[in-house]
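Q: Okay, sequence plus prediction incoming.
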Amino acid sequence: MRTLLVTTILLSGLLLGSARALAADGVVEGLLPPEQRGQIEVVYVEHAGGDFKPATAVMDQRNLAYVPHVLPVLSGTTVRFQSHDRELHNVFARGPDHRVLFNLAVLPHMQMEETFKTLGVTTLTCNVHKTMLAYVLVLQNPYFAVPDAGGRWRIRLPAGRYVIRSWGEQLDDGALARGFPVEVAAGGDSRVTFPSP
Ligand SMILES: [Cu+2]
């Protein structure tokens, strides 16, 4: 009985804790105009304070393609690479400075893991299939979103002032360098509209 009571108190404490965290959160969101859909592949917060738990993610190789094509991750994330194909693949990874990060052979139905720490874009190719291409976008914080097919994106994050940025493989340097300040209030909903290039 005593154990049960302690467990109940602990659980309610956890629930209260998460309720408090949620109450201090706000939302920043947007809707991309049609010409920017597919161009802006990730919307992210440039910098946010806090300690973030290392995360995990999956990069698949399926039907001679990387899935997903663009994988945004928090720095420190361990990505599991796996293949569903019968063919031999490899993962040839070049970091933001074009330095080779790793080159792994991926046998059918094999899995392996790599941890991504260097902020920026790592490009993944396969030396066997030249059309295979993917990007891992390593970010400082976990506040990012991949716009849906209708161009909608939404990021839930703690209240505060942030700079919102966008990334896409087709965006030019000018578009990549643009940052949009936003203030997010607790329980509030802020909107960011990216100007057309
Ligand atoms: Cu391949």
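A: On my side now, so go ahead.
Q: Let me know the helix or strand that the residue nearest the centre of the chain is in.
A: Taking C-alpha atoms, centre = their mean, the centroid of the chain lies closest to Pro72, which sits 2.6 Å from it. With secondary structure defined by DSSP states H and E, Pro72 is part of strand 70-74.
Q: what's the pLDDT at the residue nearest to the centre of the chain?
A: pLDDT recorded at Pro72 is 98.
Q: so it sits right up against Leu139, yeah?
A: Yes: assessed by C-beta atoms under 8 Å, Pro72 is found in contact with Leu139 at 6.0 Å. Yep, even glycine has a C-beta here, placed from its N, CA and C like the rest.
Q: between those two, what contacts are shared?
A: Contact criterion C-beta atoms under 8 Å, 6 or more residues apart in numbering; residues shared by Pro72 and Leu139: Tyr44.
Q: tell me what the strand holding Pro72 is packed against?
A: Applying 3 or more C-beta pairs under 8 Å, 6 or more residues apart in numbering; DSSP states H and E, we find strand 70-74 packed against strand 42-45, strand 56-62, strand 133-139.
Q: could you redo the last one with a cut-off of 10 Å?
A: strand 42-45, strand 56-62, strand 77-83, strand 111-116, strand 120-125, strand 133-139, strand 144-145 (3 or more C-beta pairs under 10 Å, 6 or more residues apart in numbering; DSSP states H and E).
Q: How about the residues of this structure by the ion?
A: Within the chain, the positions near the ion by C-beta under 5 Å from the ion are 89, 126, 128-129, 132.
Q: ChimeraX command to pick out the buried ones of those residues?
A: Command for ChimeraX, covering only those of the residues of the chain next to the ion found buried under the criterion 16 or more other C-beta atoms under 10 Å:
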select :89,126,129,132
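Q: of the residues of the chain next to the ion, closest to Ala65?
A: Relative to Ala65, the closest of these is Met132; by C-beta to C-beta it sits at 6.2 Å.
Q: shouldn't that closest one be in contact with Thr123?
A: No: the criterion here is C-beta atoms under 10 Å, and Met132 misses it with Thr123 at 11.1 Å.
Q: which residues do those two both contact?
A: Residues touching both Met132 and Thr123 (C-beta atoms under 10 Å, 6 or more residues apart in numbering): Phe92.
Q: Report pLDDT for the closest residue in space to Val100 that isn't next to it in sequence.
A: Computed as C-beta to C-beta, 6 or more residues apart in numbering, the closest residue to Val100 that is not its neighbour in sequence is Arg94, at 5.8 Å. Each residue has a pLDDT score; the one for Arg94 is 97.
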